[in-house]
Structure formats: C-alpha cells, structure tokens
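Participant: for reference, the sequence and a predicted model appear below.
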Amino acid sequence: MTTTWMRWLSATMATPLRFVAFVARAAAAALRGMPAIDVALLTSRLLVRSLPIVVVVNFFCGAMLTVQAAASLQIFGAASMSGVIVGFGGVREVFPLLAGGALAARSGAEIASQLQAMRVTRQIEALAMMGLDPLALLVAPRLLACVFGAPLCVLAAMLAGLFGAQAVGTLQLGIDGGTMWAALLSGVSRFDVVVGAVRGVLLGVLVGGVATFEGFASGDNDAASVGRAAHHAVIRGMVVVCAACLLLSWLIYGRHA
Amino acid sequence: MILPALRALGRWPLGFLVAAGHVVGFGAGAAITGLREPGGGAHALRQAVTVTTRCALPVVLVVGPIGALLALQALTLMRSFGVERQLAPLAAAVIVRELAPGFAAVVVAMQGGAAIAAELAAMRLTEELDALDVMGLDPRALVAGPRIVGAALAAPVLNGLAIVTGITGAYAMSVLGLGVPRALFLDSVGDGIAIVDVVVSEAKTVVFGAALGALCAQAGFSCERTTEGVGRAANRAVVASVVVILVLNYLLNTAIFGLRGSGA
C-alpha cells in the first residue's frame, strides 16, 4: 500500500521537479552569458506576435464583462456603476489571466514547436557537439524574452480591457463617457497595476518555462512530437498560469480579505 | 498614396469576412452531411466522449482556481461594504453565467480543438483525406462532421463540470480559506442560480463548441502539406478559436440581455 502511494507520488512529482530543475539550469545558463541581441530580437518577435491577440481578446473580454455587469446591476438601476466591477475584477484578475492564456497560445506554442523541431532535426545535438551550450544559446534567450514581454502584455491587456469596457459602456449602453471612465478607474488602484506587472513577470517565467521545457526537454524525437510540444505548451501553460494567479492573489490579497 | 492605403485597409476586413464565411459554410455543411451518413450520429457521440475525456482534467484544473480567485476578490470588495452574506449567490451567478462557459470553451479550444486540428492536418499530410476523396467518399462528412458535432456536444457537458468545479473552488476559498460560515455559503449558494441562467449558459457553450470545432476542423483541412504545416495549423486554430470565443461571448451576451442605450 505504501509503496503504491510512493510510486504514485514520485510519478506525479517527477515532471514538476524536472521542470523546476530545468528552469533553474536555464537561468544559470543565462547568467553565464548568452547572446543579448537574441533576447532583444525574440522579445520584439514575441510582442509582435502576441500583443495583437492579447489586445483583441481582452478588448472583447472587457466588453463582455461590462454587458454582463450592466445586466446584473440594471435591476438596481445602477448600470452606470458596472465600470467599477469591471475595473476592479478585470484589472486584478481577469485581464492578466487572459493575457497569460493568449501568450501561451501564441508565443508559448511557437517557442515549443521551434525548439522541438530543432530537436527533431538534430540541430540541438549539433550545437552540443560543437561544444556550445544549447541552454544558453536557445533556451535562455526565449525564456528571458517571455519574462520581458509578459509584463508588457499584461499591462496592454489591462488597457485593452478598460477600453473595451469604455467602448461598450458609451456606445452600446449609452452611459456618459466621463462617468464610465471615472467608474472604471475608481475600481483600479495603482497597487493593483503594480501587482499586475509583477504577476506579468511571474507569468512570463511560467509560460516561457513551460514552453521551453516542452520543446527542449520532452525527450521525444519523432515528427509528431513537434505538434505535441506546441499543444502541451498551450494547455499546460494555461493550467500553470491559473494556479500561479491563484497562489499570487492569495498571498497578496488573501490576508486583507 | 491614400488609395492604396485605403485599399489595404479594406482588404483586411474583407479577407476576414471571406474566411469567416468559409468556416461557417464548411462547418455547417460538414455537420449536416456528417449526421446524414449512416452511423454518423454514433460517430459524433464517440467523438464527443473523446473530447470530454480529453478535456475534463484541464477544465477542472483551470476553472477550479478561477472560482477560488473570484471568491477571494469578491470577498475583499464585499467585506468593505459589509455584504458578505451575498458572496455565495454572487459567485454562483458569475460562474454559471460567465466564467464557466467562457473558460471551459477556451480550454476545450486549447486541448480538444488543437487535437482535432492536428489530427486532421496529419491526415491531410499523409493523404488520407485525398484517399477518401478518390474512393468517392466525402472526407468532410466522414471526418470533419462528427468532430464538429462532437465538440458541440462535449462543450455543454464540460461546462456543467466547470460550473461544479468553479463553485467548489469558490467554496474552498471562502469557507476553508477565508472563514465564511459553511452553512451560510451552502444555504445561499442556490439563490444565485436560476434555471434560465443554466440553460443560457449551456446553450452558449453549444455555440462555442460548434464554432471552435468548425474552425479547428477547417484549419486542419486547409493545412499546408509539410510537417511544420501541421503544427502551424493547430496553433492557428487555437488562437483563432480563443479570439472567436471571446467575440462570440460578447455578441451573445448583447443578444441575450438586449442592452441598447437603456443603461444610463
């Protein structure tokens, strides 16, 4: 009985532990030195690829939340207050979460499939044969690109969500523009925005870590593994993002609740 | 100078409309012809079971924390107004109406939709789809149709699961984590949910499931015949599905609540 449990525990904990070790090794490789120009190029690529998706998704999310909140508050004749709820809940939780999801779906999948394709075509072995460190050359720049890019994505997500709420509030619900914007901003505190940026860094580490882990360290070598790596990067990235958001919010906001 | 710029500007929405038309036409055609095939209904059901089992765990892992997050943030806001007793109905209402269908659909797109797109793209790559065509069989009806119908059937089931896990997450956070009385939560949680809300929520996910099924199946069918093409098709399908789900969610909410200038 105990051995079954131990086996189950070691089987479930093996991958998370390998993941942590992998990210630590990549961070160490980054500290030992890596091509800085690659970090800049990969960060800009990540922003070019992911920011439009992040903005579109969050714009409509803000719009959707506003319609929903207004419908609920209309009973009390307080639809113009819907901005407070959207500003509060959106900036604290929903927009960063969706930004993380969009980042994983776009750039995470791309990074994972790139690295796995290099693995399949034996480019990574070739680098190692030449005495170069693929962790420093390939993994660390991509990880850092996510760490730099994700906070920008989160902040852009917040802005896009607020604009989406504003657009729906004024154009569709007919709330006065100034009232709507003031309601939105009254739900947002500077502290929340800072927390959002910190959350962005964490999401960057996790999304980038999961993507590079799935692409670099999956251990598979067949053609189908490229698609599998991308797929795992997206869904596992999303799950990890949700768990991390919960943990961070619990640590930051939990004690004041 | 201006005309080419305008032309370029106009080409984008036109291209979008054409692509959307393709997807709708493809999806509707595939679903209808697929169900007309002998054994099509059973095949669709099998696909629905596949999608459900594949997505159940991710849905639980994603929506559970989100329910807990909702309870945490709602409680920080509500305690300052002293309306803590309203927490459970509010959390239940928000989860049933918005969070469960939205995030369940996103997870289905990321997990099930990507698998559909990759599977069909691989079939395109290995010329299995062309082989069906040569044999005089319709690959749209035989391969794409059941998967689209299956996604549309699986999405509401997963939405139900998402509702249960979301409320469980909210319960865990508020009762076990933040000390809301257990009896208060359990007694009042039902007040937030009306049957209408559940029906609307389920209906929304049927639409999301059909839309993401059609998008992913179409992306798989029209993939380039290279190994990287398979990965690209799956990725494109996921991203497009997530965007479309959010846009559709907004449009459906507007249609359901019918808000036009009555809010001020």
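Facilitator: Great, that's in hand.
Participant: CA only for contacts and neighbour counts going forward, please
Facilitator: Will do.
Participant: tell me, how many residues neighbour B:Asp191?
Facilitator: 14 (other Cα atoms under 10 Å in any protein chain shown).
Participant: wait, isn't it in contact with B:Gln86?
Facilitator: No. Using Cα atoms under 8 Å, B:Asp191 makes no contact with B:Gln86, being 9.4 Å away.
Participant: how about the residues of the stretch 101-250 of chain A near chain B?
Facilitator: A:102, A:105-106, A:109-110, A:113, A:172-176, A:223, A:226-227, A:230-231, A:234-235, A:238-239, A:242-243, A:246, A:249-250 (Cα under 8 Å from any Cα of the partner chain).
Participant: spatially central residue for chain A, please.
Facilitator: A:Gly100 (2.2 Å; Cα atoms, centre = their mean).
Participant: list the buried residues of whatever helix or strand it lives in.
Facilitator: Taking DSSP states H and E as the criterion, A:Gly100 maps to helix A:95-103. Neighbour counts over helix A:95-103 (16 or more other Cα atoms under 10 Å in any protein chain shown) mark A:Phe95, A:Pro96, A:Leu97, A:Leu98, A:Ala99, A:Gly100, A:Gly101, A:Ala102, A:Leu103 as buried.
Participant: give the buried subset of the residues of the stretch 101-250 of chain A next to chain B as a ChimeraX selection command.
Facilitator: With 16+ other Cα under 10 Å as the criterion, this ChimeraX line picks the buried residues out of those:
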select /A:102,105,106,109,110,113,172,173,174,175,226,227,230,231,234,235,238,239,242,243,246,249,250
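Participant: narrow the residues of the stretch 101-250 of chain A next to chain B to those in helices?
Facilitator: A:102, A:109-110, A:113, A:226-227, A:230-231, A:234-235, A:238-239, A:242-243, A:246, A:249-250 (DSSP state H).
Participant: the residue in the stretch 1-150 of chain B that chain A sits nearest to - how many residues pack around it?
Facilitator: Nearest residue of the stretch 1-150 of chain B to chain A, counting by Cα to the nearest Cα: B:Thr76, 4.5 Å away. Other residues lying near B:Thr76 total 16 when counted by other Cα under 10 Å.
Participant: got the contact list for the closest residue to B:Tyr250 other than its chain neighbours?
Facilitator: Nearest non-adjacent residue to B:Tyr250, counting by Cα to Cα, 6 or more residues apart in numbering or on different chains: A:Met64, 4.3 Å away. Listed by Cα atoms under 8 Å, 6 or more residues apart in numbering or on different chains, the contact partners of A:Met64 are A:Ala165, B:Leu246, B:Asn249, B:Tyr250, B:Leu251, B:Asn253.
Participant: also A:Gly62?
Facilitator: Under the criterion of Cα under 8 Å, 6+ apart, the contact list for A:Gly62 reads A:Val86, A:Gly90, A:Ala160, A:Gly161, A:Leu162, A:Phe163, A:Gly164, A:Ala165.
Participant: please, which helix or strand holds it?
Facilitator: helix A:36-73.
Participant: stretch B:223-230 vs chain A: in contact?
Facilitator: Yes. Residues of stretch B:223-230 contacting chain A under Cα under 8 Å from any Cα: B:Thr227, B:Glu228, B:Val230.
Participant: and stretch B:166-179, how far out from the chain middle?
Facilitator: Relative to its chain's centre, stretch B:166-179 lies at 25 Å (Cα atoms, centre = their mean, to the nearest Å).
Participant: in helices, which of the residues of stretch B:223-230 next to chain A fall?
Facilitator: Taking DSSP H, the ones among the residues of stretch B:223-230 next to chain A that sit in helices are B:Thr227, B:Glu228, B:Val230.
Participant: tell me which parts of the stretch 101-250 of chain B are close to chain A?
Facilitator: Selection of the stretch 101-250 of chain B residues close to chain A by Cα under 8 Å from any Cα yields B:107, B:110-111, B:114-115, B:118, B:178, B:227-228, B:230-231, B:234-235, B:238-239, B:242-243, B:246-247, B:249-250.
Participant: show me those residues that map onto helices.
Facilitator: If you go by DSSP H, those have B:107, B:114-115, B:118, B:227-228, B:230-231, B:234-235, B:238-239, B:242-243, B:246-247, B:249-250 in helices.
Participant: of these, just the buried ones, PyMOL syntax please.
Facilitator: Selection of the buried residues among these in PyMOL, burial being defined by 16+ other Cα under 10 Å:
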select buried, chain B and resi 107+114+115+118+227+228+230+231+234+235+238+239+242+243+246+247+249+250
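Participant: got any ranges where the stretch 1-150 of chain A has weak pLDDT?
Facilitator: Low-confidence segments of the stretch 1-150 of chain A, defined by pLDDT under 70: A:1.
Participant: let's see 50
Facilitator: By pLDDT under 50, the stretch 1-150 of chain A has no low-scoring segment.
Participant: residue of it nearest chain B, please.
Facilitator: A:Met64 (4.3 Å).
Participant: B:Gly209 - nearest residue in space that isn't next to it in sequence?
Facilitator: B:Ala152 (4.1 Å).
Participant: tell me which element that neighbour falls in.
Facilitator: B:Ala152 belongs to helix B:145-171, assigned by DSSP H and E.
Participant: elements contacting that helix?
Facilitator: Contacts defined by 3 or more Cα pairs under 8 Å, 6 or more residues apart in numbering or on different chains; DSSP states H and E place helix B:145-171 against helix B:2-36, helix B:40-81, helix B:87-94, helix B:100-108, helix B:195-221.
Participant: swap in 6 Å and give it another go.
Facilitator: Secondary-structure packing of helix B:145-171 (3 or more Cα pairs under 6 Å, 6 or more residues apart in numbering or on different chains; DSSP states H and E): helix B:2-36, helix B:40-81, helix B:100-108, helix B:195-221.
Participant: those: which one's closest to A:Ala21?
Facilitator: Between A:Ala21 and the helices and strands packed on helix B:145-171, the tightest spacing by Cα to Cα is seen for helix B:40-81, at 22.9 Å.
Participant: nice, that's everything, thank you.
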